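Asker: Sequence unavailable; structure follows:
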């Protein structure tokens, strides 16, 4: 996900669209050959996949404020992009001499960020338009120089072709600075109340057995929070644990309801007194500051479509 952290003195908001195409259908629940989603300040506002073949709203205010024609045209656009992805994945496989048995992933992310001015208006701050292939940066647009940048040898041919089409560069820059900003301002005004509402995290401390008989795993899980900025620590005798201490973290991941989750774990000797270990979670936006030490006995996994895609993305790197 792009970095949408607020700047020092002015608040920023973002609108990004993420398209992901797979070279083949895996036949797995929740994993589609093509998906597209709109993200407003990291909350999903619309969604499309190759199974349902329809662009649908993911926020109540999107459904209420936008007329049916918007969704009809959006569906047509997503279907066209699905065809574009299928064609271009095949071109890249042929260019890179890849076979059909392996899985390949093409992703496109583009959008804009705007700054809220003292008078309440929103002005363009920056834009992004970039492509990744099999988890690696492939091609991106340099707004300062108005040129495409190849990030691997296989992208050089695409760069040359696209740089030779001035209207494409003009459209890419113009879309970010104008049309994207218009939609960002409109969507933000529609969903302002909901987007400004912070959701507090639910915090769980859990333990489970591991493959090593003498060890157990302690997990601190926070879920259901918004916005995504959160502090989480597992401490031993009051001292923070880090990666070199064996700490593992999922990082912040999206849930399907536009909230977020994070899960940190550490493996310890089962004969150690786990009461020496504490879980501390701080979510400033919702004013939550909690420390827990009574570790439960059953570990459940929070696994959503987005985390499934992330796991799949990592598997093909």
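Answerer: Great, that's in hand. What you are looking at is a predicted structure, and each value in this text was computed from that prediction instead of being measured.
Asker: is the residue nearest to residue 123 when sequence neighbours are not counted in a bridge, and if so with what?
Answerer: The shortest distance from residue 123 to any residue other than its chain neighbours is 5.5 Å, reached at residue 115 (Cβ to Cβ, 6 or more residues apart in numbering). C-betas here are computed from N, CA, C, even on glycine. Per DSSP bridges, residues listed as beta-bridge partners of residue 115: residue 12, residue 123.
Asker: Residue 81 versus residue 115, what's the distance?
Answerer: Spatial separation of residue 115 from residue 81 under the definition Cβ to Cβ, to the nearest Å is 29 Å.
Asker: Which residue is the nearest non-sequential neighbour of residue 222?
Answerer: For residue 222, the nearest residue in space outside its immediate sequence neighbours is residue 201; the separation is 4.0 Å by Cβ to Cβ, 6+ apart.
Asker: Equivalent analysis for residue 50, please.
Answerer: If you skip the residues right next to it in sequence, residue 50 has residue 34 as its closest partner in space, 4.0 Å away by Cβ to Cβ, 6+ apart.
Asker: got it, and residue 238?
Answerer: If you skip the residues right next to it in sequence, residue 238 has residue 278 as its closest partner in space, 7.7 Å away by Cβ to Cβ, 6+ apart.
Asker: Bridged to that neighbour, which residues?
Answerer: residue 235.
Asker: surely it meets residue 239?
Answerer: No - contact criterion Cβ atoms under 8 Å: residue 278 and residue 239 do not qualify, at 10.2 Å.
Asker: Between these two, which is the more surrounded one?
Answerer: Set side by side, residue 278 and residue 239 show unequal neighbour counts under other Cβ atoms under 10 Å, the larger going to residue 278 at 20 against 9.
Asker: re earlier: I'd guessed the residue nearest to residue 50 sits against residue 47; true?
Answerer: No - counting by Cβ under 8 Å, residue 47 is not a contact partner of residue 34; they are 11.8 Å apart.
Asker: quick one, which of these two is more surrounded?
Answerer: Neighbours per residue (other Cβ under 10 Å) separate residue 34 from residue 47, with residue 34 holding more: 24 against 18.
Asker: Could you check how far that one is from residue 26?
Answerer: From residue 34 across to residue 26, the span is 12 Å (Cβ to Cβ).
Asker: still on that earlier bit, need the residues touching each of residue 278 and residue 239.
Answerer: Between them, residue 278 and residue 239 have no joint contacts when contacts are counted by Cβ atoms under 8 Å, 6 or more residues apart in numbering.
Asker: residues in contact with the helix or strand that residue 149 is a member of?
Answerer: Under the assignment given by DSSP states H and E, the secondary-structure element containing residue 149 is strand 147-150. Strand 147-150 is contacted by residues 138, 139, 140, 141, 142, 156, 158, 159, 162, 163, 169 when judged by Cβ under 8 Å, 6+ apart.
Asker: And for stretch 15-28?
Answerer: Looking at stretch 15-28 with Cβ under 8 Å, 6+ apart, the contacting residues turn out to be 1-2, 31-40, 50, 81-82, 85-86, 89, 93, 100, 102-113, 128, 180, 183-184, 187, 308-309, 312.
Asker: Now do residue 6, the pLDDT please.
Answerer: Here, the pLDDT recorded for residue 6 equals 42.
Asker: Excluding chain neighbours, give the residue nearest to residue 263 in space.
Answerer: residue 250 (4.4 Å).
Asker: quick one on the thing from earlier: contacting residues around the residue nearest to residue 222?
Answerer: Taking Cβ under 8 Å, 6+ apart as the definition of contact, the neighbours of residue 201 are 222, 223, 224, 225, 230, 281, 283, 286, 288.
Asker: quick one: low-confidence parts of this structure?
Answerer: Per-residue confidence for the chain (pLDDT under 70) gives these ranges: 1-10, 194-196, 273-275, 296-317.
Asker: Walk me through the domains of it.
Answerer: Using automatic domain parsing, the domain ranges for the chain come out as 12-195, 202-315.
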